[in-house]
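Q: Dropping the sequence and predicted coords here.
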Amino acid sequence: MADATFLFVTIDANDAPRIAAFWAAVLGTEIGDMFDDGRYVFLRGREGLPVVCIQAVPEPKQGKTRVHLDLGVHDLDAATRRIVELGGSWDGQERRLEPTTWRTLADPEGTEFDIALEG
């Protein structure tokens, strides 16, 4: 028997509504419930995805993110373009470890995540 169950993934942000809108667009979902005057913004769940919570914090991100999301995409170039259009960034590097190719990107506040070629 497990000692814990998975509830959701929380991403810290200075501007929770802005970062919630970014992640909702990237993940193809919508902004759902907000609690504590917008301090916690939840994205609507979607089959196959964990629930995502954006939590407002006062301090800016510093250093490398110790835990990150890995997202599957069908087209690295198209996904990268779309994420950058939404305000994200890409360091320009592509990595490969058979059988996967991936890129590390960041949301508008610098939180890193990977997109990997599915299939």
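A: In hand now; what should we look at? Numbering: from 1, shown residues only.
Q: Where is the longest strand in the chain?
A: Determined from DSSP state E, the single longest strand within the chain is strand 89-97.
Q: Is Trp23 located within a helix, as I assumed?
A: Yes. Applying DSSP: H, G, I helix; E, B strand; the rest coil, one finds Trp23 inside a helix.
Q: which residues of the chain fall in strands?
A: 9-13, 31-35, 40-43, 52-56, 69-73, 89-97, 100-106, 112-117.
Q: Show me which residues of the fifth one are buried.
A: Right, the one you point to is strand 69-73. Leu69, Leu71, Val73 (16 or more other C-beta atoms under 10 Å). For glycine as for every other residue, the C-beta is placed from the backbone atoms N, C-alpha and C.
Q: Just put the residues you listed in JSON lines and tack on distance to Ile54 and pLDDT.
A: As requested, these are exported to JSON lines (distance: C-beta to C-beta, whole Å; pLDDT from 0 to 100):
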{"residue": "Leu69", "distance to Ile54": "13", "pLDDT": "93"}
{"residue": "Leu71", "distance to Ile54": "16", "pLDDT": "95"}
{"residue": "Val73", "distance to Ile54": "21", "pLDDT": "96"}
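Q: want to throw those residues into a markdown table with distance to Trp102?
A: Conversion of these to a markdown table gives the following (distance: C-beta to C-beta, whole Å):
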| residue | distance to Trp102 |
| --- | --- |
| Leu69 | 12 |
| Leu71 | 9 |
| Val73 | 9 |
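Q: and of the residues you listed, the nearest to Pro60?
A: Nearest to Pro60 among those, counting by C-beta to C-beta, is Leu69 at 19.5 Å.
Q: circling back to that earlier point, tabulate the strands of the chain (TSV), appending distance to Ile19.
A: Listed next are those as TSV, based on distance: least, C-beta to C-beta, whole Å:
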stretch	distance to Ile19
strand 9-13	4
strand 31-35	11
strand 40-43	8
strand 52-56	5
strand 69-73	13
strand 89-97	13
strand 100-106	11
strand 112-117	12
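Q: Those: which one's closest to Ala21?
A: Nearest to Ala21, of all those, is strand 31-35, at 6.8 Å by C-beta to C-beta.
Q: Now do that closest one and strand 52-56, the angle between them.
A: Angle of strand 31-35 versus strand 52-56, following axes from the mean of the first three to the mean of the last three C-alpha atoms, to 10 degrees, is 40 degrees.
Q: Good, we can wrap up now.
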